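> Mind looking at a prediction? Sequence and model below.
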Amino acid sequence: MTYVISDVHGCYGKYIKMLELTRLSDKDTLYVLGDVIDRGPDGIKILLDMMKRKNVIPIMGNHESMALGPLRLLASSSPDELTAKQPGAYYAWMCSGGEPTVLGFTALSEKEKAEIINYIDSFMIYACVSAGGRSFHLSHTLPPYDPVIGVHDASYIDFIWGEPDYEIKYDENTLFVTGHTPTAFIDPGYEGRIWQKNNHIAIDCGAVFDKGRLGCICLDTLEEFYV
């Protein structure tokens, strides 16, 4: 089976419970659509677990993209030195919930720091997957709809920071699975629930927020799971 989660945001307990709920085995594949880190306390802990699992495939989110440069400097500097070297980038990251990631990262050994950086640097931008007789496009987010450019010719940044046009069907034959935008922001009636319409499947159910949950969808069956 092929499963997809997104925007775990440091919620290690929910992440582990989801693996248990789906009974993820070595024969299954789990795609994680970015924003593993920041806001919640244990983003680094989740990354360390993901790194050990050959069947977990990470995709870049805006929080990983934002953190990668500062983390490279943090590997050989203190947070105070980083603030002096990259004040703008560091401030933007902290305003987006980066402090728990800094605390988790600075507690690592030098070897582990290098492994985390290399791991994040290896994240895919998007993946095209077939499951259950359907075609899926998996990415953290999507660019606004442009019939001339098309999705796959969009820029790198659009798959990390873009805002999809959820009311427009991008492709008749492809289902687009994304995170990034909590489903309650798409439709308040879907707080803590996966949202599906117009061949979009939005799975950021706000795991790190008080009323949010970690959502997961099985691509083979379209069954939904929640923690």
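Looks like it came in fine.
> quick one, what contacts His63?
9, 34-38, 96-98 (CB atoms under 8 Å, 6 or more residues apart in numbering). Bear in mind the C-beta positions are built from the backbone N, C-alpha and C, glycine included.
> which one among those residues gets closest to Val129?
Gly34 (15.6 Å; CB to CB).
> what about the nearest residue to the closest one once chain neighbours are set aside, neighbour count?
Closest residue to Gly34 apart from its sequence neighbours, by CB to CB, 6 or more residues apart in numbering: Gly61 at 2.1 Å. Other residues near Gly61 come to 31 when the count uses other CB atoms under 10 Å.
> do Arg23 as well
8.
> next one: Gly133
Neighbours around Gly133, by other CB under 10 Å: 6.
> likewise Pro79?
Neighbour tally, Pro79, other CB under 10 Å: 17.
> pretty sure Ile201 belongs to a strand, no?
Yes. With DSSP: H, G, I helix; E, B strand; the rest coil as the criterion, Ile201 is part of a strand.
> Start from the N-terminal end of the chain and give the strands.
2-5, 29-32, 56-58, 126-131, 134-139, 174-178, 195-197, 200-202, 215-218, 224-226 (DSSP state E).
> can you redo those as a markdown table with distance to Ser78 and mean pLDDT?
Converted to a markdown table, the strands of the chain look like this (distance: least, CB to CB, whole Å; pLDDT from 0 to 100):
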| stretch | distance to Ser78 | mean pLDDT |
| --- | --- | --- |
| strand 2-5 | 33 | 98 |
| strand 29-32 | 30 | 98 |
| strand 56-58 | 28 | 98 |
| strand 126-131 | 35 | 98 |
| strand 134-139 | 35 | 98 |
| strand 174-178 | 36 | 98 |
| strand 195-197 | 42 | 98 |
| strand 200-202 | 39 | 98 |
| strand 215-218 | 37 | 98 |
| strand 224-226 | 40 | 98 |
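> circling back to that earlier point, so who does the residue nearest to Gly34 touch?
Neighbours of Gly61 in contact, by CB under 8 Å, 6+ apart: 6-7, 33-36, 140, 160, 179-180.
> any idea which of those is closest to Val148?
Looking across the contacts of Gly61 and measuring by CB to CB, the closest to Val148 is Ile160, at 21.4 Å.
> what's the helix or strand of the chain with the lowest mean pLDDT in contact with?
Taking mean pLDDT, DSSP states H and E as the measure, the helix or strand of the chain with the lowest value is helix 79-85, at a mean of 74. With contact meaning CB under 8 Å, 6+ apart, helix 79-85 is reached by 70, 73-74, 77, 90-91, 102, 106.
> go with 10 Å
69-74, 76-78, 89-91, 93-94, 99, 102-103, 105-106 (CB atoms under 10 Å, 6 or more residues apart in numbering).
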